[in-house]
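[1] Sharing a model that was predicted from the sequence below.
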Amino acid sequence: MSARPSTRLIGALGVAVLLSACSTSPLGRNQLAFYSDDELAQMGEQSFAQYEQELPTVGGAKAAYVQCVAKAITAEVPASEGISNWEVKLFKDGTANAFALPGGYIGVNTGLLDVATNQDQLAAVIGHEVGHVLAHHANERVSTQAATQSGLSVLQTVAGLQGAGGEQVMGLLGAGAQYGVILPFSRKQESEADLVGLDLMADAGFDPSASLKLWENMAANSEGEPPAWMSTHPSNSQRMEGLHDRLNEAQPRYEQAKANGKRPNCKV
């Protein structure tokens, strides 16, 4: 006797739960990871190339300054990550943004330099972005999106949702999946990258307490925030609280780094 649709759905969900336990983040959180490091590196290369096509790059002293900070941060990346060289570029864009991609790519917008006003604050941002790479968040994001889309397709088939009414229900389910699955994962990732990045910058010899001032600057330059539950990022106050709580671990790492001679001196 064949399994009922509901049984098949439960089985599919059970498989998804098992898969979610196949990988863990640096802070011990279970992750979904469908893709290989090589596949993620290829995605990173393609995304970086697209960014380069859309925005002009900036050279000179500002680019050298960004590369100096990034070099100190990436020197702390474990060899087990398999990234021997990082490509770092400064892009001409007024938004205060930066990113790091699998495969070893870092981009910083010129607008960020107006908000991150010294090397320690810039290190907090670059450390955060590299933290995403170390925590394999790109793999988790694309895997979660793939699993969500597959799950909705299964649910539509099982429930027989067809026609205009079915499309409306599936639209609501899609919104529920977005706010109930994808965005909460993203907020967890952002908070996790904050903490991984804080440790990373401290190990590189940058003052981790500067991360708090950075987010004060970010808050002063923001034009208002959406409710935390609808945002892909924690609120500024949530971030600062998490960073503050982590300083008692990051500060000794910073002191040890200085004792070991790690004293970055990056200037524009």
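    Looks like it came in fine. Worth saying up front: this structure is predicted, and the values here are computed from it rather than measured.
[2] quick one, what contacts residue 247?
    Listed by Cβ atoms under 8 Å, 6 or more residues apart in numbering, the contact set of residue 247 reads 198, 208, 209. To be clear about C-beta, it is placed using only N, CA and C from the backbone, and glycine gets the same treatment.
[3] Report the secondary structure state of residue 96.
    Using DSSP: H, G, I helix; E, B strand; the rest coil, the structure places residue 96 in coil.
[4] residue boundaries of the helices in this structure?
    Secondary structure of the chain by DSSP state H: the helices cover 5-20, 37-54, 60-74, 119-134, 137-159, 163-177, 183-203, 210-221, 236-259.
[5] Show residues contacting the third one.
    Spelled out, that is helix 60-74. Identification of contacts with helix 60-74 by Cβ under 8 Å, 6+ apart yields 57, 83, 86, 88-90, 104, 106, 108, 110, 113, 119, 122-123, 126-127, 130, 200-201, 204-206, 262, 264, 266-268.
[6] Kindly write the ChimeraX command that selects the buried subset of these.
    Selection of buried members from the contacts of helix 60-74 for ChimeraX, criterion 16 or more other Cβ atoms under 10 Å:
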select :83,86,88,89,90,104,106,108,110,113,119,122,123,126,127,130,200,201,204,205,206,262,264,266
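[7] Could you identify which of the contacts of residue 247 has the most neighbours?
    residue 198 (28 neighbours; other Cβ atoms under 10 Å).
[8] Would you check that that residue makes contact with residue 246?
    Yes. With contacts counted by Cβ atoms under 8 Å, residue 198 reaches residue 246, the gap being 5.3 Å.
[9] got the buried residues for stretch 252-267?
    For stretch 252-267, a neighbour-count test (16+ other Cβ under 10 Å) marks 253, 254, 257, 262, 264, 266 as buried.
[10] got a list of contacts for it?
    65, 68-69, 72, 119, 122-123, 199, 202-208.
[11] closest to residue 134 among those residues?
    Relative to residue 134, the closest of the contacts of stretch 252-267 is residue 199; by Cβ to Cβ it sits at 9.8 Å.
[12] Run through the residues that contact that closest one.
    246, 249, 250, 253.
[13] who wins for neighbours among these?
    residue 250 (22 neighbours).
[14] can you dump the C-alpha coordinates of stretch 105-117 into PDB?
    Taking only C-alpha atoms (Å, rounded to 0.1, in the frame of the first residue of the first chain), the coordinates of stretch 105-117 have been written out as PDB:
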ATOM      1  CA  TYR A 105      36.600  38.200  -2.600                       C
ATOM      2  CA  ILE A 106      36.100  41.400  -0.600                       C
ATOM      3  CA  GLY A 107      34.400  44.600  -1.800                       C
ATOM      4  CA  VAL A 108      34.200  47.900   0.000                       C
ATOM      5  CA  ASN A 109      32.100  50.900  -1.100                       C
ATOM      6  CA  THR A 110      33.700  54.400  -0.800                       C
ATOM      7  CA  GLY A 111      30.600  55.500   1.200                       C
ATOM      8  CA  LEU A 112      31.600  53.200   4.000                       C
ATOM      9  CA  LEU A 113      34.700  55.200   4.700                       C
ATOM     10  CA  ASP A 114      32.500  58.200   5.700                       C
ATOM     11  CA  VAL A 115      31.000  56.000   8.400                       C
ATOM     12  CA  ALA A 116      33.900  53.800   9.500                       C
ATOM     13  CA  THR A 117      36.200  56.600  10.300                       C
END
